[in-house]
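# this one's structure only:
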């Protein structure tokens, strides 16, 4: 069974607004990662947060991790039309490159 | 660098046919893995490898075989294609330890 559950499944906002996506998982992890997938393309790594970290920033991205609640959130600030994509959280528990993905959030940013 | 290269990009198979999806990476990554992506299901791990000669099963391995004879290549074989294997397949690689994965552009497979 999949590790991650994402919420919401779909999100539609206007350019300039912030977008928040949430991810929950079931077991202990080493790290949690967020990926972006543009339509029909491969996944691109956005950010990784380790289990001993609570918050991480990268440009317009802010990720939080709450290991007590087994949840994470991804905030995209000042969104742009180019941010339109599907966003996936993925957890890594053991070494070996095995990622367990959530079902994804489909973000639509309207100009 | 090309990164992770998957071939073919599109494939149509008849039920019962076999084929191999190719995956190659030029980053000298130890870890490689195969995922399938179905609508509303996210990505699910099929098989993975932590180095040449070492492979193991993921979440949905049935109907697929893999081998890893070199660091660069990690082919995925469909033994006898079934309509349930219609999906988009992604190969990924990562350096080692814990860290980001690099994905190929995917192979869209349809089994009729």
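Noted; the coordinates are in hand. All values reported here derive from a predicted model rather than from experimental measurement. Numbers count the residues shown, from 1 in each chain, chains lettered A, B, ... in the order given.
# can you pull out the low-pLDDT segments for the chain?
Defaulting to chain A. A:1-4 (pLDDT under 70).
# please refer instead to chain B.
Ranges of chain B meeting pLDDT under 70: B:1.
# would you mind listing what in it touches chain A?
B:4, B:30-33, B:35, B:40-45, B:48, B:50, B:56, B:58-59, B:90, B:92-94, B:96-106 (CB under 8 Å from any CB of the partner chain). For glycine as for every other residue, the C-beta is placed from the backbone atoms N, C-alpha and C.
# list only buried entries from the residues you listed.
B:4, B:30-33, B:35, B:42-45, B:48, B:50, B:58-59, B:90, B:92-94, B:98-106 (16 or more other CB atoms under 10 Å in any protein chain shown).
# take those residues and keep only those in strands.
Using DSSP state E to define strands, the subset of these located there is B:4, B:31-33, B:35, B:42-45, B:48, B:50, B:90, B:92-94, B:102-103.
# what's the spacing between the residue in chain A that chain B sits nearest to and residue B:76?
In chain A, the residue that lies nearest chain B is residue A:97 (3.1 Å; CB to the nearest CB). Distance, residue A:97 to residue B:76, using CB to CB, to the nearest Å: 15 Å.
# ok, those two, which is more surrounded?
A side-by-side neighbour count of residue A:97 and residue B:76, using other CB atoms under 10 Å in any protein chain shown, places residue A:97 first with 24 against 21.
# tell me the contacts of that one?
B:30-33, B:48, B:50, B:92-94, B:101 (CB atoms under 8 Å, 6 or more residues apart in numbering or on different chains).
# still on that earlier bit, residues contacting the nearest residue to the residue of chain A closest to chain B once chain neighbours are set aside?
If the residues on either side of it in the chain are set aside, residue A:97 comes closest to residue B:31, at 3.1 Å by CB to CB, 6 or more residues apart in numbering or on different chains. The contact partners of residue B:31, by CB under 8 Å, 6+ apart, come to A:96-97, B:48-51, B:93-96, B:101.
# how about a cut-off of 7 Å?
Contacts for residue B:31 were tallied using CB atoms under 7 Å, 6 or more residues apart in numbering or on different chains; they are A:96-97, B:48-50, B:93-94, B:96.
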